[in-house]
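Asks: A structural model of the following input is requested.
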Amino acid sequence: MTGQSKSLFKNRLLRALSPADLGLLAPSLESVQLSLRQSLETAHQPIDLVYFLESGLGSVVARKEGGTTVEVGLFGRDGMTGTSLALGDTESPFDCFTQMDGSAMRISADNLRKAMSKSAAVTDLLMHYARALGIQTTYTALANGQIKLEERLARWILMVDDRVDHGRFLSPMSFLQ
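Replies: Alright, predicted model coming up:
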């Protein structure tokens, strides 16, 4: 796989892989379109597919018994679903869905695990991303519990702006409809 092939991907994790490591994933990657509010992972269910976002926005949501939910993480072309797989688990403790439609490169959980078993570099990259998302989750929880609504909204807007290409995005109110 050449550097030119690497440039076909917009996802930063895929772009960070060496040509040899990307070659372990590329034959199993499938380009898919993602619609608004599309479920990508369901809490406490086996992870069958992993999505490396190329565009759009993913939301990681914790759900309390009784239906109350809170967003605990965001990712775009900087990330992926399936971080629990990188940490050796088979299911996520969180729900994950698209908060902004877009596209992704999708791979089966089995094929991702095979690539990880063949390459320490793939495993290390995905584990580092899982750690970074965990840190984001922790600071999101801290912000939700400690800062005013206006400051949380400003933080959310900046986080979304970091993850989308458009230079603008839909009003936060459109996500509540």
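
Asks: Most remote residue from the middle of the protein, which is it?
Replies: Centroid-distance maximum for the chain: K148 at 26.4 Å, with CA atoms, centre = their mean.

Asks: Got phi/psi on it?
Replies: Note on K148: its backbone torsions stand at phi -70, psi 160 [degrees, to the nearest 10].

Asks: what about the strands in the protein?
Replies: Taking DSSP state E as the criterion, the chain contains strands spanning 30-34, 39-41, 49-63, 69-75, 95-108.

Asks: Comparing those strands by mean pLDDT, which bottoms out?
Replies: The stretch with the lowest average pLDDT out of those is strand 69-75, scoring a mean of 87.

Asks: ok and that strand relative to strand 95-108, angle-wise?
Replies: Regarding strand 69-75 and strand 95-108, their directions subtend 40 degrees when assessed with axes from the mean of the first three to the mean of the last three CA atoms, to 10 degrees.

Asks: Which elements pack onto strand 69-75?
Replies: Under the contact definition 3 or more CB pairs under 8 Å, 6 or more residues apart in numbering; DSSP states H and E, strand 69-75 sits against strand 49-63, helix 120-146, helix 149-163. (Glycine included, C-beta is placed from N, CA and C.)

Asks: so G73 sits right up against T140, yeah?
Replies: Yes - with contact defined as CB atoms under 8 Å, G73 reaches T140; the gap is 6.3 Å.

Asks: Those two: which has the busier surroundings?
Replies: The residue with more neighbours, out of G73 and T140, is G73; 24 against 21, by other CB atoms under 10 Å.
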